[in-house]
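> using only what follows, build the 3D model:
(2 chains)
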Amino acid sequence: MTDTHSFAVTGVSGLLFGAGLVISGMADPARVLGFLRLGPGWDPALAFVMGGALAVTLPGYALLHRRGQPLFAPGFSPRVAGIDARLLAGAAIFGLGWGLQGYCPGPAVVAAGLGQWPALLFLPAMFVGAWLSDLVSSRGA
Amino acid sequence: MTEWMPALGGGLLIGVAALLLYATLGRIAGVSNIAYGGIWAAGDRRWRWVFLAGLIGGGWLAALVFGALPAPASPAGASIVVAVIAGLLVGFGTRLGNGCTSGHGVCGLARLSPRSLASVLVFMAVGMATATLLRPLLQ
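Down below sits the predicted model:
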């Protein structure tokens, strides 16, 4: 597997992923907030996004694990074990930001690429936030 | 229930994208980790930028074919501050918690990872509580 092949596969994966985010409605923060905001007028449609994705990845990953290794790499990305405070605090802080604006990282990248102004502010702030997290939690490279 | 078919179709595409990356290179299609690694990861970072460029290109193509994203409301003081603070929180949280909707949600759940299940339950619950209770106070 050459770099070129690896980049081709990665690029196609990115293309499909980005198209999926726009088609599904995930890149429209108003739709995402309509899904996260419970009560009258709740829009449950976006549950089908993760549902549809898992309908592919759940059986697909299971088949791959039975096979033992990926097609062009020696092994699958290693697993991290254990549920700790860091994981839960991170998820909670992420959920707070997600519920405020309606962008999670993928849609923020896509919407910034499409020139949507909230994403153009959100995305650089997201990298600063990640940097601040490393600063306070002294994460290794 | 409106617009569940595009949601399902887009979700299937995202699943195929994640499966492709895992089947060929064994990699997790987690956007936050790929993005931060594009700056801070040790070793070869090029594939990360290829993926992100694909993400933007795919979004652009889909907007061209299926219709542009709705224009956001014009920037105002409060909405500018919210966008920046939300970005800081999402960046801080996804870095600390090692993943987001795609890495823990689409990929981690498919790997039957207890960590990812815990993460998804927490960020969904907090996201819903925030959008339902806190965000209306800011408008």
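> how near is the spatially most central residue of chain A to chain B?
Nearest to the geometric centre of chain A sits A:G106, at 4.9 Å (C-alpha atoms, centre = their mean). Plainly put, A:G106 is 4 Å away from chain B if you go by C-beta to the nearest C-beta, to the nearest Å. Where you see a C-beta, it was placed from the backbone N, CA and C, and this is true even at glycine.
> quick check: that residue touching A:M26?
Yes: the criterion here is C-beta atoms under 8 Å, and A:G106 meets it with A:M26 at 7.3 Å.
> any idea how far the strand or helix carrying B:I85 is from the chain center?
Under the criterion of DSSP states H and E, B:I85 resides in helix B:77-96. Distance of helix B:77-96 from its chain centroid, counting by C-alpha atoms, centre = their mean, to the nearest Å, is 14 Å.
> so which bits of that helix are buried?
Using 16 or more other C-beta atoms under 10 Å in any protein chain shown as the test for burial, helix B:77-96 gives B:79, B:82-96.
> same question for stretch B:34-49.
B:34-38, B:40, B:47-49.
> low-confidence ranges in the chain?
With no chain named, the answer covers chain A. A:1, A:139-141 (pLDDT under 70).
> switch to chain B, please.
Checking chain B against pLDDT under 70 turns up B:1-2.
> mind listing the helices for it?
Counting by DSSP state H, chain B has these helices, from start to end: B:4-25, B:31-40, B:46-66, B:77-96, B:114-129.
> and if you look at chain A?
Under DSSP H, chain A gives helices at A:3-24, A:29-36, A:47-67, A:85-101, A:105-113, A:117-137.
> out of those, deepest packed?
helix A:105-113 (a mean of 28; mean count of other C-beta atoms under 10 Å in any protein chain shown).
> who's in contact with the residue lying closest to B:I14 once chain neighbours are set aside?
In space, and not counting its chain neighbours, B:I14 is closest to A:G20: 3.8 Å by C-beta to C-beta, 6 or more residues apart in numbering or on different chains. Neighbouring residues of A:G20 by C-beta atoms under 8 Å, 6 or more residues apart in numbering or on different chains: A:26, A:49, A:53, B:9-14, B:16-17, B:58, B:62.
> how about 7 Å then?
Going by C-beta atoms under 7 Å, 6 or more residues apart in numbering or on different chains, A:G20 touches B:10-11, B:13-14, B:17.
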